[in-house]
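> here you go, sequence then predicted model.
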Amino acid sequence: MDLERARRLLAAERREIEQALSQRGHQDDGDDAGWLEPGNLAAGLYLDELDEGLAEDLRDRLAALERAEQRLTAGTYGLSVESGRPIPDERLEALPTAERTVEEERALTEGRGG
């Protein structure tokens, strides 16, 4: 893949992740009426847990992005971290942070039991 194209894809990915991180968290509408009601407490807890799960996913994506940026700097972007084989441009276009070929990723996922 062309290095300039890779830089643009990774920069776009970074913007998307950073925007999502800055916007995460359910919004408090300021209405305290009924906040002690069990249903409202449960809803708030659910939203907090959902928010934390989404934040964790975003942190994972950011870590993958940083690894991809390091590979770009090192000159190994677009090569599998597992085998060193080229990752097809189509995969990098769809997932700029891809670290493995589809086949390697599939084998890794299946090896984890799912």
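The structure has been received and is ready for your questions. Everything numeric here is computed off the predicted structure, so don't read it as measured data.
> which of the residues in the helix or strand containing Ala63 are classified as buried?
Secondary structure from DSSP states H and E places Ala63 in helix 38-74. By 16 or more other C-beta atoms under 10 Å, the buried positions in helix 38-74 come out as 58, 61-62, 64-65, 68-69, 71-72. C-beta here means a position set from N, CA and C on the backbone, and glycine is covered the same way.
> which strands or helices does the helix or strand of the chain with the lowest mean pLDDT pack on?
Of all helical and strand segments in the chain, the minimum by mean pLDDT, DSSP states H and E falls on helix 38-74, at a mean of 83. Judged by 3 or more C-beta pairs under 8 Å, 6 or more residues apart in numbering; DSSP states H and E, the packing partners of helix 38-74 are helix 3-23.
> what lies in contact with the helix it packs on?
54-55, 58, 61-62, 65, 68-69, 72, 77-78, 92-93, 96-97 (C-beta atoms under 8 Å, 6 or more residues apart in numbering).
> could you check the angle helix 38-74 makes with it?
160 degrees (axes from the mean of the first three to the mean of the last three C-alpha atoms, to 10 degrees).
> from the chain's centroid, how far away is helix 3-23?
Computed by C-alpha atoms, centre = their mean, to the nearest Å, the chain-centroid distance of helix 3-23 equals 10 Å.
> buried residues in that helix, which are they?
Across helix 3-23, burial judged by 16+ other C-beta under 10 Å covers 6, 9-10, 13-14, 17.
> centre of the chain to stretch 76-86, how far?
That offset, for stretch 76-86, works out to 19 Å (C-alpha atoms, centre = their mean).
> what's the span of that stretch from first residue to last?
In stretch 76-86, first residue to last residue: 9 Å (C-alpha to C-alpha, to the nearest Å).
> quick one: buried residues of it?
Within stretch 76-86, the residues scored as buried using 16+ other C-beta under 10 Å are 77-80.
> what comes into contact with that stretch?
By C-beta under 8 Å, 6+ apart, stretch 76-86 touches 1, 3, 6, 68, 71, 87, 89, 92, 99-101, 104, 108.
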